[in-house]
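S.K.: Would you be able to build a 3D model of this:
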Amino acid sequence: MTRLRWASWASVVLAAGVSFGACGGKSAEDVRAERASFVRKADPVCEKASADLARGEQPRNYTTLGARLQRDQKTLRTAVSDLHGLRKELGDSASPQIVAFDRRADAVLAAAKPIGEHIELADSSAARRSAERLRRAYAELYDAAGKAKLRQCGRGGNRAADTVLFTVYRSEYIIVNSDVNLRLRFLDEDPQSFEAFRRNLRRSLKLVVNYRKRMGRLAPPKKVLRRRHRLLLRRTTQALGSARRLLAIANRGQAAVATGGARSLALRVVRQADLADAVDRSIRRVLRSPGSRRRTPSPDTNSA
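M.R.: Now for the predicted structure:
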């Protein structure tokens, strides 16, 4: 009797399992077909967003970057909204990989949102941090897209971040140079006394120390800029060292400056300053021409 009851109960459970498994009338083949349809529809959404985000020139300052970010935010919101719609159409047929991809798309949108606010406030440090977060969010989206068998989604993490980082670096670089150069112009170009000369030298040193400190805080995004920026800092530090030694001689009195060693040191300062200026010009050439943009299927591509 007991055995019969268990057998009867088991048959009911099995029947229920069959019934539940066939809920909605979807076979495994139907689910696979729906997921393939999602991929076919989602890839063009991402491809269109990539093309829209790639349009336009490299922003030249905070104003043009702010306008670019507003446009790109709208493009991202539209694309993510369309992807959400496609995900909802799948319902329970969505694979864990597709669900994960859907969440990563939200993460990219969330990472991009605060950058515009940082640029509006000219908060360069916060903008750099947010740009790096956006880069990581894109990399995770790209990884999730691959697992969901999407080929056009998640590209462009480096381009999106570098657009911000390059413009921030360019703007800060120009601001620091303009500020220091303006202050240097207020120095007496032709001091009429030894004391005026020494005062000029002290003030110049303070300005260049400030310049070196502010330049050291900048974060060039490109390898060529990083290399040249490090060289600029090194040349500036060398000139500073020589100028400090020259000031030490000047502090001993006018007679000390008249020596051959002091004149040789002054010429060295001029040569080292010229070398730093040459590096500065090479950096400005890169800033005027950001260079070509690669297109390869990775999160480092220049399509978004």
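
S.K.: domain parsing for the chain?
M.R.: 31-168, 170-288 (automatic domain parsing).

S.K.: Show me the shaky parts of the protein.
M.R.: Along the chain, segments meeting pLDDT under 70 span 1-25, 188-189, 289-304.

S.K.: re the thing from before, want to throw the domains of the chain into CSV with mean neighbour count?
M.R.: For the C-beta atoms, the positions are set from N, CA and C on the backbone; glycine is no exception. Output for the domains of the chain, formatted as CSV (neighbours: other C-beta atoms under 10 Å):
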stretch, mean neighbour count
domain 31-168, 19
domain 170-288, 15
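
S.K.: you'd agree Met215 is up against Leu232?
M.R.: Yes - between Met215 and Leu232 there is a contact under C-beta atoms under 8 Å: 6.8 Å.

S.K.: From Val164, how far out is the residue nearest to Ser282 when sequence neighbours are not counted?
M.R.: Once flanking residues are discounted, Ser282 sits nearest to Arg228: 5.6 Å by C-beta to C-beta, 6 or more residues apart in numbering. Relative to Val164, Arg228 is positioned 20 Å away (C-beta to C-beta, to the nearest Å).

S.K.: Look up how far Arg212 lies from the closest residue to Lys26 other than its chain neighbours.
M.R.: Setting aside the residues directly before and after it, Lys26 is nearest to Ser93 in space (C-beta to C-beta, 6+ apart), at 6.7 Å. Using C-beta to C-beta, we find Ser93 at a distance of 60 Å from Arg212.

S.K.: got it, and Gln70?
M.R.: 36 Å.

S.K.: can you pull the contacts of Ser130?
M.R.: For Ser130, the contact set (C-beta atoms under 8 Å, 6 or more residues apart in numbering) comprises Ala111, Pro114, Ile115, His118, Val164.

S.K.: can you do 6 Å?
M.R.: For Ser130, the contact set (C-beta atoms under 6 Å, 6 or more residues apart in numbering) comprises Pro114, Ile115, His118.

S.K.: Which residue is the nearest non-sequential neighbour of the second one?
M.R.: Taking C-beta to C-beta, 6+ apart, and ignoring the residues beside it in sequence, Ile115 has Ser130 as its nearest neighbour in space, at 4.6 Å.

S.K.: can you give me phi and psi for Ser27?
M.R.: phi -90, psi 170 (degrees, to the nearest 10).

S.K.: Ala258 now?
M.R.: phi -80, psi -10.

S.K.: how close does it get to Gln192?
M.R.: 17 Å.

S.K.: which residues in the stretch 1-150 of the chain form helices?
M.R.: Assigned by DSSP state H, counting those that start in this stretch, the helices in the stretch 1-150 of the chain fall at 2-21, 28-54, 62-90, 96-120, 124-147.

S.K.: can you put the ones you listed in TSV and add distance to Pro220?
M.R.: Listed next are these as TSV, based on distance: least, C-beta to C-beta, whole Å:
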stretch	distance to Pro220
helix 2-21	58
helix 28-54	23
helix 62-90	16
helix 96-120	18
helix 124-147	11
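
S.K.: what's the closest of these to Arg288?
M.R.: Among those, the nearest to Arg288 by C-beta to C-beta is helix 62-90 (14.5 Å).

S.K.: and the closest one with helix 28-54, angle?
M.R.: 170 degrees (axes from the mean of the first three to the mean of the last three C-alpha atoms, to 10 degrees).

S.K.: which strands and helices sit next to helix 62-90?
M.R.: helix 28-54, helix 96-120 (3 or more C-beta pairs under 6 Å, 6 or more residues apart in numbering; DSSP states H and E).

S.K.: again, only this time at 10 Å
M.R.: Packing partners of helix 62-90 (3 or more C-beta pairs under 10 Å, 6 or more residues apart in numbering; DSSP states H and E): helix 28-54, helix 96-120, helix 124-147, helix 157-185.

S.K.: Which residue, other than its chain neighbours, is closest to Phe166?
M.R.: Pro221 (5.2 Å).

S.K.: Likewise for Ala127?
M.R.: His118 (4.0 Å).

S.K.: Likewise for Leu205?
M.R.: Counting by C-beta to C-beta, 6+ apart, the residue nearest Leu205 is Ala243, at 5.6 Å.

S.K.: Over to Ala110?
M.R.: Nearest non-adjacent residue to Ala110 (C-beta to C-beta, 6+ apart): Ala137, at 7.6 Å.

S.K.: shared neighbours of Met215 and Leu232, which are they?
M.R.: Shared contacts of Met215 and Leu232, defined by C-beta atoms under 10 Å, 6 or more residues apart in numbering, comprise Tyr173, Asp280.
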